[in-house]
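>>> Need a 3D model of the following:
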Amino acid sequence: MEFFRIHRTIPFMRHALVLNIVSVVTFLLAVFFLFSRGLHLSVEFTGGTVMEVAYEQPADLGQVRDAIGKLGFADVQVQNFGTSRDVLIRLPAQKGVSSAEQSAKVVDALKTVDPSVQLRRNEFVGPQVGDELTTNGLKALAMVVVGIMIYLAFRFEWKFALATVLANLHDVVIILGFFAFFQWEFSLAVLAAVLAVLGYSVNESVVIFDRIRENFRRYRKLSTVEIIDNAITSTISRTIITHGSTQLVVLSMFFFGGPTLHYFSLALTIGICFGIYSSAFVAAAIAMWLGVKREDLIKHSAKRDGDPDDPNAGAVV
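Below you'll find the model as predicted:
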């Protein structure tokens, strides 16, 4: 399905050098903020108190946050757990205050709003759990990257595999750079969004690379740069439909999902925008700089099926 079709190839690669310089500068700034400011990690990573409370009626999460906020706790996570009457509360660790004292203060504050509230569970999450989550998160990220490289190397060619991985790391680091610069809370939900962006960006790169391979088969007279420009141009309509519809869903979560989904949807929004950019201008451009050519993608004998004006039509590859 296409909303429109562009009949004239847009010369994207003409601006590849300038756009890649912008990408490098943005990437380096993100790395700088990651090392200078670091990530503002949530309770899952740093440790703290986890409470589960129950109400007789559906809980008003806004009132719960306001009641806890008056106690002076910062970076408190409040969300429904199981049903609308069950609420899960995560409190950051405080020096000189035990987990039992924290939970007692919170329960007293909640009872001033609704005396029916009951404490179901109270646990202390130690920093060692956060270290384990960090290690497992990095392992998951590394496994995704390795899997992407193996898949693309088999389906296309190692130059495309390397280009895609570099473009995906570009997206991930920039997302983390935003969270480090603005000191947004980095939670398990945000980590899940980062991993989702990896797969999302790969999908866009595969679509463009598949069209590049198809163009190499069809158009013998076109240069590599013209082949890449044509592939990106011919997939624009598809990109607008898929990314536009996905972004509408993500924006719905951002505006109407409440604080629980706020940073998750924010990370996805940044990832979708930079994923489109990196697939077209980073991955494709890197493949071009690496010298991808027709012989890299068409290695088997096949009859030519396109470009009827080419005098070599019907020749064997």
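>>> where do the helices sit along the chain?
If DSSP state H is used as the criterion, the helices of the chain fall at 16-36, 43-46, 61-69, 99-113, 127-155, 158-182, 188-218, 224-234, 236-256, 258-277, 284-289, 294-297.
>>> so where's the stretch 201-317 of the chain uncertain?
Applying pLDDT under 70 to the stretch 201-317 of the chain picks out residues 299-317.
>>> now swap in the stretch 1-150 of the chain and tell me
Residue ranges of the stretch 1-150 of the chain with pLDDT under 70: 1-4, 127-130.
>>> Just give the number of residues close to the closest residue to Val197 other than its chain neighbours.
With CB to CB, 6 or more residues apart in numbering as the criterion, Val197 has its nearest non-adjacent residue at 3.1 Å, and that residue is Gly271. C-beta: built from backbone N, CA, C; applies to glycine. Using other CB atoms under 10 Å, the number of residues around Gly271 comes to 26.
>>> how about JSON lines for the helices of the chain, with distance to Thr9 added?
As requested, those are arranged in JSON lines below (distance: least, CB to CB, whole Å):
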{"stretch": "helix 16-36", "distance to Thr9": "15"}
{"stretch": "helix 43-46", "distance to Thr9": "47"}
{"stretch": "helix 61-69", "distance to Thr9": "51"}
{"stretch": "helix 99-113", "distance to Thr9": "61"}
{"stretch": "helix 127-155", "distance to Thr9": "25"}
{"stretch": "helix 158-182", "distance to Thr9": "20"}
{"stretch": "helix 188-218", "distance to Thr9": "10"}
{"stretch": "helix 224-234", "distance to Thr9": "5"}
{"stretch": "helix 236-256", "distance to Thr9": "11"}
{"stretch": "helix 258-277", "distance to Thr9": "19"}
{"stretch": "helix 284-289", "distance to Thr9": "14"}
{"stretch": "helix 294-297", "distance to Thr9": "18"}
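>>> of all those, which lies closest to Leu91?
When the helices of the chain are compared by CB to CB, helix 99-113 sits nearest Leu91, at 5.4 Å.
>>> That closest one vs helix 61-69, what angle?
130 degrees (axes from the mean of the first three to the mean of the last three CA atoms, to 10 degrees).
>>> Please name the residues that touch the nearest residue to Val144 once chain neighbours are set aside.
Leaving aside its chain neighbours, Val144 sits nearest to Leu198 (5.2 Å; criterion: CB to CB, 6+ apart). Shown in contact with Leu198 (CB atoms under 8 Å, 6 or more residues apart in numbering): 141, 144-145, 148, 168, 171-172.
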